[in-house]
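Engineer: Quick one, structure for this:
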Amino acid sequence: MTSQPDRVVLIGVAGDSGCGKSTFLRRLADLFGEELMTVICLDDYHSLDRKQRKVAGVTALNPQANNFDLMYEQIKALKEGNVIDKPIYNHETGMIDPPEKVHPNRIVVIEGLHPMYDERVRSLLDFSVYLDIDDEVKIAWKIQRDMAERGHTYEDVLASINARRPDFMAYIDPQKQHADVVIQILPTKLIKDDKERKVLRVRLIQKDGIEGFEPVYLFDEGSTIDWIPCGRKLTCSWPGIRMFYGPDTYMGNSVSMLEVDGQFDKLEELIYIESHLSNTSTKYYGEMTELLLKHREYPGSNNGSGLFQVLVGLKMRATYEKLVGAVPAVAAASN
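Structural biologist: Residues are numbered from 1 along each chain as shown. Predicted structure coming up:
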């Protein structure tokens with residue numbers, strides 16, 4: 001355990017199950033170092049166990065099944081540098097286990113269904129991201145995972161998604177409006193009537209006007225750019241790659257939108273894309289590409305989801321360094 005931090009930086013990572021939170025958290029651990037980062041799964045604040053939820057007829061997504069008062073008290077205590085006794089929700093048994101001691105760390109990540117649902121918890125966050133997967137892609141992914149790995153039938157998978165949908169739309173989805181950044185995974189526009197959902201269109205939706213946060217842009221800030229980067233410097237097999245950047249509005253907020261449709265054949269060539277992006281918060285030329293190459297086996301590394309997870313991680317690092325007054329490595333090296 002690291003020594004008591006002077007300032008705890010609190011990051012919120014929201015999204016439904018199976019939307020890529022665990023991969024994103026691995027990318028954050030690569031950036032910050034596991035020893036500096038404590039991750040709290042907000043499932044631990046379920047107030048009802050699996051049996052009780054069944055009796056009450058509510059899903060885990062419903063606020064009635066969660067203890068937001070305790071969540072707020074404990075997250076606030078951690079942010080103030082205090083030790084907490086955090087409850088544990090056991091996913092294997094569906095029961096609530098005895099609590100564990102959690103010490104404050106330099107970075108505390110709260111991840112799960114509700115990091116931005118409660119206004120009090122939301123006000124504690126220093127940076128927030130929402131991982132948003134389009135229904136069509138979510139169903140294709142879940143079918144792939146649950147049928148292949150868990151032996152579920154197609155009907156079972158569809159029934160479980162449909163059972164959760166009303167609560168998802170009521171309590172989880174609206175949190176997008178509060179996120180600093182949304183990573184949105186959509187069906188490709190490059191393939192007509194695509195059913196496989198292997199090629200994806202991914203958007204980085206960055207809220208404008210946040211103090212200390214400068215949205216990443218392509219070529220020229222504030223312009224509208226439609227770009228096909230395929231050619232001599234970027235290998236693209238069918239159906240190719242298309243990028244888009246421009247100002248927009250999203251859930252009532254003014255945003256900067258960056259989009260990648262298609263997948264990369266050679267990750268090494270992403271240095272070409274990186275050289276046309278600005279405000280990436282990298283510390284040296286090529287760092288973004290290097291971070292992607294470091295774990296090319298992570299899901300989404302060959303499309304916009306990996307690229308944007310890395311970019312959001314770099315933004316989180318910049319926020320952390322600004323808040324704790326850390327000297328960037330490049331600046332330290334040149335002194």
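
Engineer: okay, and for the stretch 1-150 of the chain, where does confidence drop off?
Structural biologist: Along the stretch 1-150 of the chain, the model assigns pLDDT under 70 to residues 1-4, 146-150.

Engineer: Just the helices from it, written as ranges.
Structural biologist: For the stretch 1-150 of the chain, the helices defined by DSSP state H, counting those that start in this stretch cover 21-32, 50-56, 68-79, 119-124, 135-150.

Engineer: Which residue ranges of this structure form strands?
Structural biologist: 9-14, 37-41, 84-89, 96-102, 107-112, 127-133, 181-187, 200-207, 217-218, 225-227, 241-250, 253-262, 277-278 (DSSP state E).

Engineer: For the fourth one, which strands pair with it and how are they oriented?
Structural biologist: Sheet neighbours of strand 96-102, with direction, are listed as strand 84-89 (antiparallel) (DSSP bridges).

Engineer: Please point out which parts of the strand it pairs with sit buried.
Structural biologist: Within strand 84-89, the residues scored as buried using 16 or more other CB atoms under 10 Å are 84, 86-87, 89. Placement of C-beta: from N, CA and C, glycine included.

Engineer: what do you get for stretch 214-225?
Structural biologist: Buried residues in stretch 214-225 (16+ other CB under 10 Å): 214-218.

Engineer: Check stretch 244-251 too.
Structural biologist: Going by 16+ other CB under 10 Å, stretch 244-251 has these buried residues: 244-246, 250.

Engineer: what's the closest of those to residue 98?
Structural biologist: residue 250 (42.3 Å; CB to CB).

Engineer: my guess is the closest one meets residue 203, correct?
Structural biologist: No. Here residue 250 does not reach residue 203: they are 9.2 Å apart, not a contact under CB atoms under 8 Å.

Engineer: Find residues that contact each of these two.
Structural biologist: Shared contacts of residue 250 and residue 203 (CB atoms under 8 Å, 6 or more residues apart in numbering): 182, 257.

Engineer: Tell me the one of the buried residues of stretch 214-225 nearest residue 47?
Structural biologist: The closest of these, once distances to residue 47 are taken by CB to CB, is residue 215, at 37.6 Å.

Engineer: and residue 108, how far is that from residue 5?
Structural biologist: The gap separating residue 108 from residue 5 is 9 Å, by CB to CB, to the nearest Å.
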